[in-house]
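Pasting a predicted model and its sequence here:
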Amino acid sequence: MIVDILKCHGTGNDFVLIDEINDFYDFTEEQRVLLAREICDRKGPVGADGILFVQKSTFADGKMRIFNADGSEPEMCGNGLRCVGRYVIEISGKDSVEIETMKGKYMVKKAEDIYEGITTIQITIDTISFDIKTLPMNGPADRHLFQKIESLSNTVEFSALSISNPHIVSIVDHIDERVLKEIGEKANNIKEVFPKGVNVNFVKILDEQSIYVKTYERGVGLTQSCGTGMTASSIIVCCHDSKRLGREVKVFNDGGMIQCIVHKDAVEKYKVEFIGNASYIYQGKVCFDFEETKTYKLIEQEMYATEIANYEAFLRYVKKSLETI
Ligand SMILES: N[C@@H](CCC[C@H](N)C(=O)O)C(=O)O
């Protein structure tokens, strides 16, 4: 089978986008899992954090199904939604679109470039809940905020929330990747606490406008960035310091920087405006044999050289910005 692919990323969280609106592939559910596991495997010719299947929707401009590198299908993907949103905006000719996901529908629109030559997309995320049953998470109370999770760590405090996918967030003085990885692996192996696993986020407060987030992603591992993780972390930072509500938070990460504005209404309903890049890396085709999945080939690869160069310039700018904080 020959499958057209578009390699893309949101702050270094990279994906393979497959257009099932314009191309008919008729994948079975098992084939979607196989494609995710093999194509995301970084020992192969492509490698990615996940696959984004873009499909027709009966009530929105498009539908996103996201599969993690391990073949699991999460409820949501913030960085991936910006890439899918850009793609659907381009093929539909609209300035803004609604994208259906497993648990919700999100408004996506073009935004002013976050840096020269960087295609920038804004999404509005309002599928936020602190009720631990929505993660799901098993615990003694309905909410878990700034408290330890004994089975994970006897020193680190976490806050649990759903962005329609599950997250726990810890505000730390220093982001130790080794500790994050250890806790992330443990958290995804205690099904009595997290029956469907969980994304684990460490956030360091840099100054009154800026934070740094690193995530151990369910179904992937440590990634350059996680959109829903940065969203969850921005919310918890605003819970910790309500003066940040309604103000732009610069969220730095290993793959660049995005902007979040966290809003809370009178009935404690949260909504986050999330603004960041949606960059193309290359387009190509994969020749995939579902009987011999390990031997797939990548052919006709065409690089988006200008977008790659612009994003490298943006990364240099982000590095310099971090040196001034
Ligand atoms: N990187 C994504 C999150 C992808 C899903 C996550 N690994 C999960 O399983 O919930 C993002 O940008 O949000």
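Arrived safely.

Going by C-alpha atoms from here, please, whenever you check contacts or count neighbours.
Fine.

in the stretch 1-150 of the chain, which spans are strands?
Using DSSP state E, counting those that start in this stretch, the strands of the stretch 1-150 of the chain run over residues 2-10, 13-19, 50-55, 62-68, 96-100, 105-111, 120-125, 147-148.

Please produce CSV containing the ones you listed, extended by mean neighbour count.
Listed next are the strands of the stretch 1-150 of the chain as CSV, based on neighbours: other Cα atoms under 10 Å:
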stretch, mean neighbour count
strand 2-10, 21
strand 13-19, 25
strand 50-55, 25
strand 62-68, 25
strand 96-100, 22
strand 105-111, 20
strand 120-125, 23
strand 147-148, 14
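
nearest to Val249, of the ones you listed?
Across the strands of the stretch 1-150 of the chain, the minimum distance to Val249, taken as Cα to Cα, is reached by strand 120-125, at 14.1 Å.

Run through the helices of the stretch 51-200 of the chain in chain order.
Counting by DSSP state H, counting those that start in this stretch, one finds helices in the stretch 51-200 of the chain at the ranges 78-92, 177-187.

List of residues touching the last one?
When contacts are defined by Cα atoms under 8 Å, 6 or more residues apart in numbering, helix 177-187 is touched by residues 152-153, 194, 197-202, 214-218, 221-222.

again, only this time at 6 Å
Val200, Tyr216 (Cα atoms under 6 Å, 6 or more residues apart in numbering).

before we move on, what about the first one?
Contacting residues not belonging to helix 78-92 are listed as Gly10, Val108, Ile121, Gly227, Thr228, Ala278 [Cα under 6 Å, 6+ apart].

contacts with the ligand among the residues you listed, please.
Gly227, Thr228 (Cα under 6 Å from any ligand atom).

Now distance to Lys133 and pLDDT too, for the contacts of helix 78-92, in CSV please.
Shown next, in CSV, are these (distance: Cα to Cα, whole Å; pLDDT from 0 to 100):
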residue, distance to Lys133, pLDDT
Gly10, 29, 98
Val108, 28, 98
Ile121, 31, 98
Gly227, 22, 98
Thr228, 18, 98
Ala278, 32, 98
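
Where does the spatially most distant residue from the centre of the chain sit: helix, strand or coil?
Centroid-distance maximum for the chain: Glu291 at 30.7 Å, with Cα atoms, centre = their mean. Under the three-state scheme (DSSP: H, G, I helix; E, B strand; the rest coil), Glu291 adopts coil.

How much space separates it from Ala60?
Here the criterion is Cα to Cα, to the nearest Å. By it, Glu291 lies 35 Å from Ala60.

Same question for Ser170.
The gap separating Ser170 from Ala60 is 35 Å, by Cα to Cα.
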